[in-house]
Structures are given as C-alpha cells and as structure tokens.
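Undergrad: Sequence plus predicted model, see below.
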Amino acid sequence: MNPDTARIHEEIVRRNPAEPEFHQAVAEVLSSLEPVLARRTDLRELRLLERLCEPERQVMFRVGWTDDHGIPQLNRGYRVGFSSALGPYKGGLRFHPSVTLGTVKFLAFEQIFKNALTGLGLGAGKGGADFDPAGRSDGEVMRFCQAFMTELYRHIGPHTDVPAGDIGVGARELGYLFGQYKRITNRFDAGTLTGKALAIGGSHVRTEATGYGVVYFLDAMLAARGDNLEGKTAVVSGCGNVALYAMAKLHDSGATVFACSDSTGTLHDPAGVRLDVLHELKATQRKVDAYPHLVPGARFVPGIAPWDIPCDIAVPAATQNELDEPAAITLTKNGLRALAEGANMPCTPAAIDVFRDAGIAFAPGKAANAGGVATSALEMQQNSTRDRWGFPTVDQRLAAIMRDIHDTCLATADQYGRPGDYEAGANIAGFLTVADAMITLGVA
Ligand SMILES: NC(=O)C1=CN([C@@H]2O[C@H](COP(=O)(O)OP(=O)(O)OC[C@H]3O[C@@H](n4cnc5c(N)ncnc54)[C@H](O)[C@@H]3O)[C@@H](O)[C@H]2O)C=CC1
Ligand SMILES: O=C(O)CCC(=O)C(=O)O
C-alpha cells in the first residue's frame, strides 16, 4: 500500500478494532485501487474511500428462543447495511457459531463490489447470527428463525434491504423467516427475501446459481487463455450449496472432480466424486464421511483440507481464509492452472500472491461467485411483476451476466495497467460504479 492508502487503512483499523477479516478485505481493495486514485484526484478530495469503508448502518440484536427441552437459548443477530448507493441493501444471512460483527462487516463490504459488478441495481448488506444449526431439530431452527425475524423485520423490505441465504441459511430457513415477516407485517412482500422456495415466490436456478456461475466464470477465464474445462481434473472445498452446484456444472462441462470436503475433513474419490451419493447423504442428514461406506475405493481423511490433491482446477467454496500460502504453493507445484473462489475471501492474501506470481488464472470471489446475488436480483424482478420464468431462461441470463462480469474485470484490469489481474479488475470496476453513484447522489 502507498502511504496515502496505508493511512486510510490505519484509521479504519483504529475505528473498527478486533475485526481482522474486515481489515483484510479493506486492505485488499485499497491496494488494488491505487491506480484509480492516481488518476481520479476528485475521489480523494471527496474522501470517497473513507465514506465507502464506513457502513451506512449496523444493527445488532438479541435473539431469544426456546429449545426442544424448554430451555431458553440466547444468540446475537446482526445486519449491516454497507452501501445503498446503487439500490436496496442486498446480501445473505449467515448462521454459524463463528459469526461476529467483524465477519458480517467483511462480507457486506465484499458485497459492495460484487453487487456493483452485476449491473443490476443492488446495494450491499449482510447479516447473520452466532446460532449453530448443527444438530438442531427442524422445530428449533424454525423457532430460531422466527425469533430472529421478530427483530429484523423492522429493518428490511423490498426497497430497503433484501436478505438471502449464506452458510447455514437455505430455502428452509428463508421459508421460516419469510413466514414470520409476513405474519408480523401483514404483507406478502415476496421481494423482501430471495432464495425462497419456488412455492412462495422463489426463482428457478437460485439454488444452483452461485455454483453454476463460478463455473461459467471459469469457462470464460479459460477461454480467454485459449483453454477449456474438457478433460480437466478439479478439487472443490466445502460440500454445501455453492460446492455441490459448482461440482455439478464442472461435471457437465467435461471436468472430473476428485475431492470435496466439509468442516471435518476431505473426501477423495479417485473415480470422480458421485453427486448422487452426496445428495443422498445430504437428504438423510448424514455427513460426507459416510461416503466411503457407499462407494468402494473412496476415502475420507479427517482434519485436512483437499489442497494436497493434484488438480488443474481448484474451487474453494467453504469459508474465508481456508486456503493459505503453503496450500497455494502445493497446488501450484502440482500443476494448478486456474482457481475460482466460490466462497467469500477463501484465499489469504499471501496465497493470492503465490497464484499471481505463478501466472495462474485467479478469479476472486466478488466476481466469480456473483451469480448467486445476480439470480437473487432476477428473483426480485419476477416478484415485482408476479411472474415466473422457466429454468432455461434464468440459466441463460445467469450465464450472460457471468460472461459480462468476466469481460468487465478483464477489460478494466487491462485499462489500469494490470493485464490478466481479475482481482484488480473486479475491485476497480465495482468501485468506480459505486463511487460515481455516490457522487451523483451528493456528498452525505
Ligand atoms: N449461498 C450463496 O448463494 C453464496 C455463498 N457464498 C459463499 O460461499 C461459501 C459457502 O456458502 P454456502 O455453500 O452457501 O454454505 P453452506 O452452509 O451450504 O455450506 C458450507 C460448506 O462449507 C463448510 N464449512 C463451513 N464452515 C467451514 C469451516 N470453518 N471450515 C471448513 N469448512 C467449512 C461446511 O461444512 C459446508 O460444507 C461461503 O463463503 C459463502 O459466503 C458466496 C456467494 C453466494
Ligand atoms: O443472494 C443474495 O442476496 C446474497 C448472496 C450472498 O450472500 C453473497 O453473494 O455472498
């Protein structure tokens, strides 16, 4: 970082203590914006970066609920509205015991640039709670969601803030959340939440969108290098929403996925991971470690990530900072050609440096995983016109949006003297869109 951006970063660290993930996300963006700031002195005069790095609003609230044994439970809920320069706050809710204000802030900050890249008029927000859904009954999850929405409802709405899912929050949780929202407000405002089940105003392809979108982006990135996915070997981390549908689309594109993981370890299937078995395990609430009982030749190794397994393509799709410098060095030595971040900020800054130095095609999450939020915007469009588009229509729009994001990142990186650097391209293109909107709206 140059002295000017380093000063801004120091001030952000001082004002937001004990939020290392937020500091990391801001540092990454600030360093890539230096070529822009050198050209656009007006942005410095308006203190635009400082304004952009300060959330417009942050809500923290108590969530009290009762478990199946009648024991009162207590959690903390969050919703951060980071920027509404382009539209209503938009971004998911994460239910995981690790969630803190700093986690939610880093995710909402990343969402600013991602949502701008979609070109679909979306502001940026994120939320969640330190609730652990693991081992909880359906009734407990429902009561937790109802208690969470009993406070959240007053802060959201189709023109204000539109939450969706993230880790630990899928169509089931969104259904319970929307049910409580509808009960309290007396309004069937379907556009208040996205990622809903089809029966209550969800969109085709939203479930698959993030994972599919990652692979559409990978495809475009490889095509820009005269390459494609056919016959490639791949390794994916995670085994949730993003990972499962990234694996499915990799498979449809002619690649073979040899490994995936969950928070307890890595599954390696030398014959190629079988998605039907993974879906069966998920449906019966069994974990990935049961896979080798169903598929001979596969093995599950507890406690390790999948990055030691040689592959052409890697897709980290579990959580932040899951792929560090030693893992990046191993992947590179083993012949990695391209990596697309399915998760938000899964690679540490040192890992990204390794990929950049080795000339590996690297797609940052805020570009590669934007297909989820883009399809949420398509869900909002369908909700506001009370329409339902078919699966192929939404899928084609998603593919076109991902190609556009790819081309924008590549062209912007080139324009600012960083050819082939998708991270710089994504940060600069997203930033300029939001900065110009902030200036148009007037300093506030
Ligand atoms: N669901 C969506 O539409 C989008 C999700 N993302 C990001 O993708 C990532 C995965 O999200 P989802 O698939 O939706 O969640 P999910 O809850 O469906 O799956 C999460 C997966 O990651 C694993 N995991 C979670 N915490 C972990 C940890 N600390 N260490 C190792 N593994 C861990 C879990 O075992 C699970 O397999 C997150 O970073 C999320 O922010 C990004 C864009 C959109
Ligand atoms: O669909 C959405 O609104 C949010 C998706 C999300 O949370 C993300 O892009 O990280």
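TA: Now that the structure is in, tell me what you want to look at. Ligands and ions are numbered 1, 2, ... in the order given.

Undergrad: C-alpha from now on. contacts and neighbour counts both.
TA: OK.

Undergrad: Output the below-cut-off pLDDT ranges for the stretch 301-444 of the chain.
TA: With pLDDT under 70 as the threshold, the stretch 301-444 of the chain has no low-confidence stretch at all.

Undergrad: Walking through the stretch 101-250 of the chain, point out its strands one by one.
TA: 124-129, 161-164, 233-237 (DSSP state E, counting those that start in this stretch).

Undergrad: To ligand 2, which of those lies closest?
TA: Ligand 2 lies closest to strand 161-164 among the strands of the stretch 101-250 of the chain, at 4.6 Å (CA to the nearest ligand atom).

Undergrad: helices or strands up against that closest one?
TA: strand 89-95, strand 124-129 (3 or more CA pairs under 8 Å, 6 or more residues apart in numbering; DSSP states H and E).

Undergrad: Show me what from the chain comes close to ligand 2.
TA: Residues of the chain lying close to ligand 2 (CA under 6 Å from any ligand atom) are Lys90, Gly91, Gly92, Pro163, Ala164, Gly165, Asp166, Ala370, Gly372, Val373, Ser376.

Undergrad: and the helix or strand containing Asn75, what's its mean pLDDT?
TA: Taking DSSP states H and E as the criterion, the element that holds Asn75 is strand 72-83. Across strand 72-83, the average pLDDT comes to 98.

Undergrad: what inclination does that strand have with respect to strand 89-95?
TA: Inter-element angle recorded for strand 72-83 and strand 89-95: 150 degrees (by axes from the mean of the first three to the mean of the last three CA atoms, to 10 degrees).

Undergrad: can you give me the helices for the stretch 1-150 of the chain?
TA: If DSSP state H, counting those that start in this stretch is used as the criterion, the helices of the stretch 1-150 of the chain fall at 3-15, 20-39, 41-45, 48-52, 101-118, 138-152.

Undergrad: In contact with His9, which residues?
TA: With contacts taken as CA atoms under 8 Å, 6 or more residues apart in numbering, His9 has the following neighbours: His23, Val26, Ala27, Leu30.

Undergrad: Would you mind naming what in the stretch 201-350 of the chain lies close to ligand 1?
TA: In this structure, the stretch 201-350 of the chain approaches ligand 1 at residues 210, 238-243, 262-263, 317-320, 342-344, judged by CA under 6 Å from any ligand atom.

Undergrad: Just the ones in helices from those residues, please.
TA: Residues from these lying in helices, with DSSP state H as the criterion: Thr210, Asn241, Val242, Ala243.

Undergrad: Let me see the contact set for Gly297.
TA: When contacts are counted by CA under 8 Å, 6+ apart, Gly297 touches Asp269, Pro270, Ala271.

Undergrad: got the buried residues for stretch 288-299?
TA: In terms of neighbour count (16 or more other CA atoms under 10 Å), stretch 288-299 has its buried residues at Val288, Asp289, Tyr291, Ala298, Arg299.

Undergrad: sorry, back to before: let me have the strands of the stretch 101-250 of the chain in TSV, extended by mean pLDDT.
TA: Below are those laid out as TSV (pLDDT from 0 to 100):
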stretch	mean pLDDT
strand 124-129	99
strand 161-164	98
strand 233-237	98
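
Undergrad: Which stretch among the ones you listed is buried most, on average?
TA: Per-stretch averages of neighbours, counted by mean count of other CA atoms under 10 Å, single out strand 124-129 among those, with a mean of 30.

Undergrad: Just confirm yes or no for it near ligand 1.
TA: No - remark: strand 124-129 sits outside contact range of ligand 1, by CA under 6 Å from any ligand atom, the gap being at least 9.7 Å.

Undergrad: mind giving me the domain ranges of this protein?
TA: Under automatic domain parsing, the residue ranges defining each domain of the chain are 3-189, 207-363.

Undergrad: Identify whichever of those lies nearest to Leu441.
TA: Judged by CA to CA, the one of the domains of the chain that comes nearest to Leu441 is domain 3-189, at 7.6 Å.

Undergrad: how distant is the closest one from the center of its chain?
TA: Using CA atoms, centre = their mean, to the nearest Å, the distance from the centre of domain 3-189 to the centre of the chain it belongs to is 12 Å.

Undergrad: With stretch 277-296 instead?
TA: For stretch 277-296 - counting by CA atoms, centre = their mean - the centre lies 25 Å from the chain centre.

Undergrad: Could you do stretch 380-393 as well?
TA: Distance of stretch 380-393 from its chain centroid, counting by CA atoms, centre = their mean, is 22 Å.

Undergrad: Identify each buried residue in that stretch, please.
TA: For stretch 380-393, by 16+ other CA under 10 Å, it's Met380, Gln381, Gln382, Asn383, Arg388.

Undergrad: Any chance of TSV for those, columns secondary structure?
TA: Compiled in TSV, these are given as follows (DSSP: H, G, I helix; E, B strand; the rest coil):
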residue	secondary structure
Met380	helix
Gln381	helix
Gln382	helix
Asn383	helix
Arg388	coil
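
Undergrad: Could you single out the nearest of these to ligand 2?
TA: Proximity of these to ligand 2 (CA to the nearest ligand atom) peaks at Met380, which lies at 9.9 Å.

Undergrad: Ala171 and ligand 2: what is the separation?
TA: Relative to ligand 2, Ala171 is positioned 12 Å away (criterion: CA to the nearest ligand atom, to the nearest Å).

Undergrad: Return the residues in contact with the residue nearest to Met149 when sequence neighbours are not counted.
TA: Distances taken as CA to CA, 6 or more residues apart in numbering place Leu177 nearest to Met149, at 5.9 Å, with adjacent residues excluded. Leu177 makes contact with Cys145, Gln146, Phe148, Met149 under the criterion CA under 8 Å, 6+ apart.

Undergrad: Quick one: work out the angle between the longest helix belonging to the chain and helix 101-118.
TA: Among the elements of type helix in the chain, defined by DSSP H, the one spanning the most residues is helix 391-415. Between the direction of helix 391-415 and that of helix 101-118, the angle (the same axes, to 10 degrees) works out to 90 degrees.

Undergrad: Contacts for the next helix or strand after helix 391-415 next, please.
TA: Of the helices and strands lying after helix 391-415 in sequence (DSSP H and E), the nearest is helix 422-441. Contact with helix 422-441 is made by 29, 32-33, 36, 43, 48, 85-86, 112-117, 362-364, 366-367, 408-414, 418, as judged by CA under 8 Å, 6+ apart.
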